[in-house]
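K.L.:
what's the 3D shape of this:
(one chain, ligands or ions: 1)
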Amino acid sequence: MAKVAFLGLGVMGYPMAGHLKAKGGHEVTVYNRTASKADAWVKQFGGKSAPTPKAAAQGQDFVMCCVGNDDDLRQVTLGKDGAFGIMTEGQVFVDHTTASAEIARELYDAAKKGGFDFVDAPVSGGQAGAENGVLTVMCGGDEAVFNKAKPVIDAYARACNLMGAPGSGQLAKMCNQICIAGVVQGLSEALHFAKKANLDVEKLIATISKGAAQSWQMENRYKTMVAGKFDHGFAVDWMRKDLSICLGEARKNGASLPVTALVDQFYAEVQKMGGKRWDTSALLARLERQ
Ligand code: NAP
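P.N.:
Residues are numbered from 1 along each chain as shown. This next block holds a predicted model:
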């Protein structure tokens, strides 16, 4: 059993940290910017809480993190009370934030300079994946460090693989988001078309989900989409953050992402419709607006 800190008890981090304690049996210390969430977590799971990332990281074997974006990540690592200010040899920082490959490489280098290790490890599987402990984790970093961290990550993962050099976990997550953007728009268009064509949507999905059109989005989202329910799931604001990371990386590596760029603009329209916190499947609402 290891000594583990978890920074960031949001929709994802809260249940992930819970699995480290309840399933992994680790000694867990949590930090959350809004302290009341850390208090609630300790009440529910029984670990300890710390007032700053730095205090949480002290003396741990692993420091896991899941905050919002690059700036948030920079703050909890390199900021005034950041974890990197106290971390030292033998410790491993595992970052589950969806962030840029650039910051992953920057933090890997900063960790190396401090004599400790860094793994970028963004996740896929959403809130349900975090709550059920069945996330997919895409890692970048050194193999020996990955092998050390994997048994700890396994407390909330169904699949956890090393994709390559530092930043590769974030690059893999970008591929994941590129896939989702195109798939959700395709599914939205199909459902929109089915309604216009007066097809029985239940029969349609029961049939085509057994063929080549099948997808996670189809299986898990068609019912709420058809019902016009979007107040749940993975927020459009988060998706735009992720797509902006993908498009920024593509500008650097020369990849052509025309559909991703277009869908990003569709999401900008969903935001203007008031859908900043709606699920990504709200692309259907954009097609159906009056
Ligand atoms: P969330 O519910 O908004 O939680 C964000 C967490 O980060 C909160 O604990 C927040 O603290 C903390 N935080 C943000 N900025 C901070 C800062 N500057 N300093 C300290 N703490 C800060 O977000 P989430 O849904 O858990 O997502 C977290 C990450 O996972 C994001 O990168 C997201 O893209 C990624 N992700 C999310 C999903 C999903 O379905 N939600 C799926 C895959 C990946 P407070 O409580 O004080 O606000």
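K.L.:
who are the contact partners of residue 50?
P.N.:
Contacts for residue 50 (C-beta atoms under 8 Å, 6 or more residues apart in numbering) come out as 5, 29, 30, 31, 38, 56. Using the backbone N, CA and C atoms, a C-beta is placed for each residue, glycine as well.
K.L.:
so the last one sits against residue 32, correct?
P.N.:
No: at 9.5 Å, residue 56 does not count as touching residue 32 under the criterion of C-beta atoms under 8 Å.
K.L.:
more neighbours, those two?
P.N.:
Taking other C-beta atoms under 10 Å, residue 56 and residue 32 do not tie; residue 56 has more neighbours (28 against 24).
K.L.:
and the residue of the chain found nearest the ligand, helix, strand or coil?
P.N.:
In the chain, no residue comes nearer to the ligand than residue 10, which is 1.8 Å away by C-beta to the nearest ligand atom. Assigned with DSSP: H, G, I helix; E, B strand; the rest coil, residue 10 falls in the coil class.
K.L.:
is the ligand contacted by the helix or strand of the chain with the lowest mean pLDDT?
P.N.:
When each helix and strand of the chain is scored by mean pLDDT, DSSP states H and E, helix 126-132 comes last, with a mean of 94. Yes: judged by C-beta under 6 Å from any ligand atom, helix 126-132 and the ligand are in contact via 126, 127.
K.L.:
likewise stretch 149-160?
P.N.:
No: Stretch 149-160 does not reach the ligand (C-beta under 6 Å from any ligand atom); its nearest approach is 12.0 Å.
K.L.:
residues in contact with that stretch: which ones?
P.N.:
Applying C-beta under 8 Å, 6+ apart, the contact partners of stretch 149-160 are 2, 4, 15-16, 19-20, 23-24, 26, 62, 64, 92, 94, 119, 121, 123, 125, 129-130, 133-137, 139.
K.L.:
for it, give the mean pLDDT please.
P.N.:
Averaging pLDDT along stretch 149-160 yields 98.
K.L.:
likewise stretch 256-267?
P.N.:
pLDDT averaged over stretch 256-267 gives 98.
K.L.:
how about stretch 164-177?
P.N.:
The average pLDDT for stretch 164-177 rounds to 98.
K.L.:
cool, and stretch 114-125?
P.N.:
Stretch 114-125 comes out with an average pLDDT of 97.
K.L.:
quick check: buried residues in that stretch?
P.N.:
For stretch 114-125, burial by neighbour count (16 or more other C-beta atoms under 10 Å) applies to 114, 116, 117, 118, 119, 120, 121, 122, 123, 124, 125.
K.L.:
how about it and the ligand, any contact?
P.N.:
Yes: with C-beta under 6 Å from any ligand atom as the criterion, the ligand is reached by stretch 114-125 at 123, 124.
K.L.:
what is the end-to-end distance of that stretch?
P.N.:
In stretch 114-125, first residue to last residue: 32 Å (C-alpha to C-alpha, to the nearest Å).
K.L.:
show me the buried residues of stretch 114-125 that map onto helices.
P.N.:
The members of the buried residues of stretch 114-125 that map onto helices under DSSP state H are residue 114.
K.L.:
I appreciate the help and will end here.
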